[in-house]
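Visitor: one predicted model, sequence on top.
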Amino acid sequence: MATEKLKFNLELYATWWDKKPICEILINDEVKWSNEIDGSQDKPTTISFEHEVNEGDKVNLILNRQNKTLDQTVVVNEQIEKDQLLHIKSIEIDEINIGGLIYEGLYKPQYPEPWATTQKNSGNNLPESLKSATVLGHNGTWTLTFESPFYMWLLENLY
């Protein structure tokens with residue numbers, strides 16, 4: 001079976017005031033990187049790694065966003081004054097910036113309690129997943145699924 005070795009390059013940055021967000025990056029179930037994100041929009045944290053995949057396989061690039069607690073969001077007069085956010089600035093696979101395909105990622109937030117129950121009780125239905133999210137405000141996972149060979153998937157999904 002043919003394989004391809006893909007090189008990944010991700011640029012992430014954080015908005016934080018007290019505790020930095022932590023991001024664990026996985027390919028399928030394999031952890032490739034895990035650490036705090038302290039980069040800024042102008043100087044993002046850059047993570048690079050390689051992963052070999054089998055031709056025909058579905059591949060999940062997963063960002064597991066962690067380290068946000070209830071006290072990391074400070075609300076004054078119903079306005080968020082301080083928060084902890086994780087931003088996805090760009091993703092390159094095999095030296096190709098995937099551009100708008102970044103919005104195909106699926107974000108599954110883990111809503112904190114008791115906030116989630118309060119929202120539901122006030123009639124706000126919290127979605128189980130969000131597409132087009134590049135700002136991750138809650139702990140949870142963001143997953144981009146693609147197929148190998150990567151170039152064929154890219155060509156099929158660009159337009």
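Guide: Done, it's in.
Visitor: what average pLDDT does the helix ranked longest in the chain get?
Guide: For the chain, the helix that runs over the most residues, judged by DSSP state H, is helix 150-158. In this model, helix 150-158 carries a mean pLDDT of 92.
Visitor: what residues sit buried inside that helix?
Guide: 150, 153-154 (16 or more other CB atoms under 10 Å). Quick note: C-beta positions are derived from backbone N, CA and C, even for glycine.
Visitor: for stretch 120-133, same thing?
Guide: So for stretch 120-133, counting by 16+ other CB under 10 Å, buried means Ala133.
Visitor: which outside residues touch it?
Guide: 103-109, 111, 116, 119, 142 (CB atoms under 8 Å, 6 or more residues apart in numbering).
Visitor: swap the cut-off to 10 Å and go again
Guide: 88, 100, 102-109, 111, 114-119, 136, 138, 140-143 (CB atoms under 10 Å, 6 or more residues apart in numbering).
Visitor: out of those residues, which are inside strands?
Guide: Using DSSP state E, the subset of the contacts of stretch 120-133 located in strands is 88, 106-109, 136, 140-143.
Visitor: okay if I get those as a markdown table plus distance to Gly56 and neighbour count?
Guide: Converted to a markdown table, those look like this (distance: CB to CB, whole Å; neighbours: other CB atoms under 10 Å):
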| residue | distance to Gly56 | neighbour count |
| --- | --- | --- |
| Ile88 | 27 | 23 |
| Leu106 | 22 | 16 |
| Tyr107 | 27 | 22 |
| Lys108 | 26 | 14 |
| Pro109 | 31 | 20 |
| Leu136 | 30 | 26 |
| Gly140 | 29 | 20 |
| Thr141 | 24 | 20 |
| Trp142 | 24 | 23 |
| Thr143 | 19 | 16 |
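Visitor: got CSV for these, with distance to Asn54 too?
Guide: CSV is the format used below for these (distance: CB to CB, whole Å):
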residue, distance to Asn54
Ile88, 26
Leu106, 23
Tyr107, 27
Lys108, 26
Pro109, 31
Leu136, 29
Gly140, 28
Thr141, 23
Trp142, 24
Thr143, 19
